[in-house]
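Peer 1: Quick one, fold the following:
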Amino acid sequence: MFTFAAMATFQSGGLTLAYDDIAPMGTPLGVVVLVHGFATNRAENWRRLGWLSALERKGYRAIALDLRGHGESDKPHDAAAYGRDQMAGDIVGLIDHLDLGRVDLLGYSMGAHLSLAVALDAPGRVNSLILGGVGGRMLTGAALSKTPMTMAEALTTEDVASITDPTLRGFRQFADNQGEDRLALAACSQGRGVSADAEALWGLRVPTLVAAGSRDELAGDPQALAEAIPGAKAVTLPACDHFSAIPHALFKAAVFDFLDGWEEEDGL
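Peer 2: From the prediction side, this is the model:
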């Protein structure tokens with residue numbers, strides 16, 4: 001069993017970002033960089049829900065960062081600080097900071113969007129790509145809320161009862177429960193794009209797994225997204241919604257089956 005050392009940090013775009021770096025005994029099978037979702041953090045998304053310990057037991061080096069605006073990383077309140085290129089650049093910056101070369105990249109929800117951006121923009125840094133909590137809705141860029149209220153408004157309003165959309169209400173409650181900086185999250189929600197370009201996806205040449213819960217309306221059908229990426233595999237997690245899929249044993253099993261199969265195909 002691993003233990004956690006003091007928080008490590010690195011600099012990216014003038015911000016200080018926090019991360020964990022967990023190495024197994026002996027030579028790692030590979031390096032997995034984990035990118036959490038919106039309104040959460042590395043401790044909740046990956047540590048508490050068992051991902052870091054599972055990766056360590058399987059023999060992988062696991063590196064999980066707190067994205068800007070989240071967790072123990074710096075939290076600017078300006079939407080201009082949260083562009084796609086800046087946030088994806090933070091991930092590349094961590095890979096370069098640790099001199100990792102190529103990594104297996106695992107992202108969930110917003111982290112999946114950013115991981116995909118890294119694979120498209122910097123394919124030389126990525127061995128394989130795991131996209132969790134996303135699906136066909138990534139292709140359409142459909143609005144998150146069915147009401148006129150935006151995510152930023154839901155995060156900053158003092159009248160929580162005014163949040164009638166269940167998705168927005170869920171993210172507000174989650175942010176409150178995590179003790180996150182809601183002004184930073186509101187800025188983050190305004191600064192990043194959400195849709196994927198079909199032509200760019202078809203040009204992706206990185207082994208890819210797409211996984212989402214069967215009840216995840218935020219993601220949509222994972223098979224629809226997988227079909228837009230050459231050779232990608234899709235897994236639907238039964239009876240899981242957007243939040244319950246993350247800790248599910250079937251999600252972990254699918255990820256390890258994918259990683260093990262990719263390592264074998266790569267001759268490692």
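Peer 1: For the protein, just list every one of the helices.
Peer 2: Assigned by DSSP state H, the chain shows helices spanning 42, 51-58, 84-97, 110-121, 137-140, 151-156, 166-178, 182-191, 198-202, 222-226, 249-265.
Peer 1: Relative to residue 71, tell me which of those helices wins on proximity.
Peer 2: helix 42 (5.7 Å; Cβ to Cβ). To be clear about C-beta, it is placed using only N, CA and C from the backbone, and glycine gets the same treatment.
Peer 1: Counting neighbours, what do you get for the nearest residue to residue 236 once chain neighbours are set aside?
Peer 2: Distance criterion Cβ to Cβ, 6 or more residues apart in numbering; nearest residue to residue 236, sequence neighbours excluded, is residue 214 at 5.1 Å. If you count neighbours by other Cβ atoms under 10 Å, residue 214 ends up with 14.
Peer 1: Tell me which residues touch residue 214, please.
Peer 2: Contacts of residue 214 were listed using Cβ atoms under 8 Å, 6 or more residues apart in numbering, and they are 236, 237, 238, 239, 240.
Peer 1: What separation do you get for the residue nearest to the spatial centre of the chain and residue 141?
Peer 2: For the chain, the residue nearest the mean C-alpha position is residue 111 (2.1 Å; Cα atoms, centre = their mean). Applying Cβ to Cβ, to the nearest Å, the value for residue 111 to residue 141 is 18 Å.
Peer 1: quick one: buried residues of stretch 211-224?
Peer 2: With burial defined by 16 or more other Cβ atoms under 10 Å, the residues of stretch 211-224 counted as buried are 211, 212, 213, 215, 216, 218, 219, 220, 221, 222, 223, 224.
Peer 1: In CSV: the residues you listed, plus distance to residue 160 and pLDDT.
Peer 2: Supplementary listing: the buried residues of stretch 211-224 in CSV, determined by distance: Cβ to Cβ, whole Å; pLDDT from 0 to 100:
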residue, distance to residue 160, pLDDT
211, 31, 98
212, 28, 98
213, 26, 97
215, 24, 96
216, 24, 95
218, 20, 91
219, 25, 94
220, 27, 93
221, 32, 96
222, 32, 97
223, 36, 97
224, 34, 96
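Peer 1: All set, thanks.
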